[in-house]
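**Student:** Compute the structure for the input listed below.
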Amino acid sequence: MEKIRPKQEKPCLYIAYLSVAIPLFSIVIAIMLSEWFSITNNALSDLGHAIRSPAALVFNFALGLGGALIIYVSALCIYQSSKLFSAVGFLTGFTLILVAIFDEIYGEFHIKVSIAFFLSLAIFLIAYAVYFKSYLSLPALGISIIAWILHLMYDIPRGAAIPELVSIFAVIPFYIDAMKRFQAES
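**Tutor:** Residues are numbered from 1 along each chain as shown. Have a look, this model is predicted:
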């Protein structure tokens with residue numbers, strides 16, 4: 001007689017939490033290791049500069065790992081429910097890995113992959129609104145856009161770290177909520 005086993009849960013939500021916590025924790029560690037860093041005058045990527053930052057290894061490794069975990073969650077937890085939403089998650093994870101690999105030493109190319117990463121966050125918020133028919137993510141997108149406009153057009157603040165963090169923190173609640181919803185569907 002075959003033993004009936006309870007449905008095994010995929011570790012989606014735990015991995016999603018790790019995909020956020022690891023990069024954020026590395027940012028905190030990197031800032032602590034970098035006395036020169038100013039949240040108002042620097043970009044977060046300054047922490048990953050392979051020559052100038054003593055925290056580059058920690059910072060870049062954690063970003064790469066976070067990106068890989070986002071890709072893992074997108075493939076494992078989202079793909080069966082929504083191939084399109086899974087592709088958005090893959091794009092976000094992939095561009096985060098690119099930011100880690102092509103640090104500031106790569107100059108203009110680093111800027112391009114960073115822009116791609118932050119655009120992927122915006123795309124994620126739009127995809128969330130469309131897929132879940134919940135438009136709460138759109139004000140978060142608006143706040144991110146305002147932070148970037150203030151920085152890019154008015155030099156407020158001088159460094160990009162604050163608009164970067166605003167964009168990241170704007171996405172996190174929707175990313176975690178999406179993972180909860182997709183895990184409930186599977």
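
**Student:** element containing the residue nearest to A127 when sequence neighbours are not counted, please.
**Tutor:** Spatial nearest neighbour of A127, excluding adjacent residues (Cβ to Cβ, 6 or more residues apart in numbering): V88 at 4.5 Å. (Each C-beta comes from the backbone N, C-alpha and C, glycine too.) Element membership for V88, per DSSP states H and E: helix 83-101.

**Student:** for this protein, what spans make up the helices?
**Tutor:** 12-33, 56-73, 83-101, 108-132, 137-154, 161-185 (DSSP state H).

**Student:** of all those helices, which lies closest to I39?
**Tutor:** Nearest to I39 among these is helix 161-185; the distance by Cβ to Cβ comes to 4.9 Å.

**Student:** And the contacts of that closest one?
**Tutor:** Helix 161-185 is contacted by residues 9-10, 12-13, 16-17, 20, 24, 39-40, 42-44, 73, 77-78, 81-82, 85, 118, 121-122, 124-125, 128, 131-132, 136-137, 140-141, 143-144, 147-148, 150-151, 157 when judged by Cβ atoms under 8 Å, 6 or more residues apart in numbering.

**Student:** Show me how to select, in PyMOL, the buried members of the residues you listed.
**Tutor:** Selecting only the buried entries of the contacts of helix 161-185 in PyMOL, with 16 or more other Cβ atoms under 10 Å as the criterion:
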select buried, resi 12+13+16+17+20+42+43+44+73+77+78+81+82+85+118+121+122+124+125+128+131+137+140+141+144+147+148+151+157
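
**Student:** list the contacts for N41?
**Tutor:** Contacts of N41 by Cβ under 8 Å, 6+ apart are P157, R158, G159.
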